[in-house]
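# return atomic coordinates for the entry below.
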Amino acid sequence: MRWRFAQRPFTELKDFLNRAIKAGKREFELPQGIARKIHGDIIDGFNERFYNMIRFNFGCKSGDLISFGKARGHVAVNLENTEFFINMTDGLKKATFKTAPLNISIRLIQANGLKLPEVTNKNLIIFLGRDTKDLKKILANKIYLDYYTVLFAALHIRKHYLPGARSGLLQVIEWFTSRLYRELPFLFFDEEEFGRGSVTSNTALFLATLSGFREKEGHYYEIAQEMEKEIIKGSIIVGRKEMTKMPRLAYMTDSGKAIELQRASSTISELAPFIIYMKYILKKGDMLIFEEPEAHLHPGNQRLLAKYLARLIRNSVKLIITTHSDYLLEQISHFIQLGQISPAKRVRKYKIGKDDYLKSDEVSVHAFKYDKKSEGFKINKIAVHDEDGISQEEFNKVIDSLYDESVKIRRDLGIEK
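This is a model prediction of the structure:
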């Protein structure tokens with residue numbers, strides 16, 4: 001990670017370390033005054049990175065993100081070791097942090113060769129290394145990096161994005177190169193042109209990933225194979241173009257016939273990127289943001305897909321999904337309820353795997369509901385319980401309305417009295 005140090009706190013830190021090392025100290029505390037300055041420097045750096053991340057991820061200037069409704073709000077972020085707020089009232093401003101500076105203890109241990117520091121907990125930094133003339137500079141850099149890691153460890157996980165338009169994007173993948181995809185967010189960086197027709201960085205990275213992955217079986221390869229067999233009745237295969245060596249995805253039927261994705265069913269082309277990610281890209285601990293996983297799927301296949309989403313969660317993948325499907329949501333709800341039933345009974349009675357279940361504390365559900373007063377959307381948390389699963393109140397309102405309308409129509413047609 002590249003870091004722009006504020007000159008004053010970094011210089012003060014190096015001077016303090018130089019004095020401590022010259023005095024022969026092997027274990028010492030960092031003064032709170034310096035710790036506070038480092039803390040402020042890191043927060044300033046985070047604000048700059050966060051601001052740029054918002055711009056590139058959404059492909060627009062930050063002010064364009066808050067033009068909804070009459071009211072404004074704020075974003076609250078709670079991580080393991082830090083908490084901050086972003087006020088959205090008059091444009092995207094700097095994050096306001098509630099986290100106090102950490103207590104930093106340093107221990108110098110003689111070792112063969114220079115090793116990276118080890119962070120044992122949020123209040124202790126240990127440096128393993130041998131004495132060198134640059135020790136104070138190396139140590140100062142590592143303190144900054146470790147401090148940042150402790151504060152924002154939850155943000156430092158591999159993240160992947162499957163956009164809602166994935167099947168359409170897949171159709172144009174052969175027209176670009178992986179390098180071009182990665183440059184797309186920056187093509188309209190000019191302040192006057194930024195955001196006009198540019199591809200967001202998340203979409204660009206999705207295309208770059210699918211044009212440059214290695215065909216090495218990953219941790220979830222077997223799960224992907226099971227899903228292929230159960231839902232698409234075949235498999236997604238990878239070929240390479242002769243000239244560019246870029247991957248060309250195709251659908252292989254059980255009988256061995258290969259069909260290019262653009263001629264396969266929408267179910268297959270929609271699921272193909274997800275299958276490729278499971279086979280070759282996802283690793284344990286990764287986060288997958290999956291928009292509308294139910295798109296173009298029969299309700300029965302939506303239920304089956306929920307099972308494989310649950311299996312990924314069981315195998316340490318963090319999932320964020322957006323959905324409008326009551327079938328998918330209801331099946332996920334069932335997996336929460338099935339978590340209260342013994343593994344043996346789940347396998348015997350429900351014909352599912354022993355690991356096909358979820359825990360209520362593993363699932364968080366939020367509904368976006370239009371608010372007339374503010375002319376914007378409010379985010380409401382939906383209750384999730386072990387016994388009842390996910391509340392279906394919002395979907396049930398639509399179902400009840402449809403039923404009432406159906407009764408009226410049947411009565412007007414004379415079918416019912």
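# mind listing the helices for the stretch 251-400 of the chain?
Along the stretch 251-400 of the chain, the stretches classed as helices by DSSP state H, counting those that start in this stretch are 266-276, 299-314, 326-338, 343-350, 393-412.
# among those, which is nearest residue 30?
Smallest distance to residue 30 across those (CB to CB): 39.5 Å, for helix 299-314. C-beta: built from backbone N, CA, C; applies to glycine.
# what helices or strands is that closest one leaning on?
Secondary-structure packing of helix 299-314 (3 or more CB pairs under 8 Å, 6 or more residues apart in numbering; DSSP states H and E): helix 221-227, strand 318-322, helix 326-338.
# in the second one, which residues are buried?
When you say that, I think you mean strand 318-322. 319, 321 (16 or more other CB atoms under 10 Å).
# quick one: list the elements packing against it.
By 3+ CB pairs under 8 Å, 6+ apart, strand 318-322 packs against strand 287-291, helix 299-314.
# ok, back up a step: could you export the helices of the stretch 251-400 of the chain as a markdown table, including mean neighbour count?
Formatted as a markdown table, the helices of the stretch 251-400 of the chain follow (neighbours: other CB atoms under 10 Å):
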| stretch | mean neighbour count |
| --- | --- |
| helix 266-276 | 22 |
| helix 299-314 | 20 |
| helix 326-338 | 21 |
| helix 343-350 | 12 |
| helix 393-412 | 11 |
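# same list (those) but as TSV, adding distance to residue 251.
Below are the helices of the stretch 251-400 of the chain laid out as TSV (distance: least, CB to CB, whole Å):
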stretch	distance to residue 251
helix 266-276	5
helix 299-314	15
helix 326-338	23
helix 343-350	30
helix 393-412	32
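# for these, which one sits closest to residue 237?
Of the helices of the stretch 251-400 of the chain, nearest to residue 237 by CB to CB is helix 266-276, at 10.1 Å.
# okay, the closest one in CSV with CA atoms only?
Output of helix 266-276 as CSV, limited to C-alpha atoms (Å, rounded to 0.1, in the frame of the first residue of the first chain):
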residue,chain,number,x,y,z
SER,A,266,-30.2,-16.8,-20.6
THR,A,267,-30.1,-19.1,-17.4
ILE,A,268,-26.7,-20.4,-18.5
SER,A,269,-25.2,-17.1,-19.6
GLU,A,270,-26.3,-15.4,-16.4
LEU,A,271,-24.8,-18.2,-14.2
ALA,A,272,-21.6,-18.6,-16.2
PRO,A,273,-19.7,-15.7,-14.5
PHE,A,274,-20.7,-17.0,-11.1
ILE,A,275,-19.5,-20.5,-12.0
ILE,A,276,-16.2,-19.2,-13.3
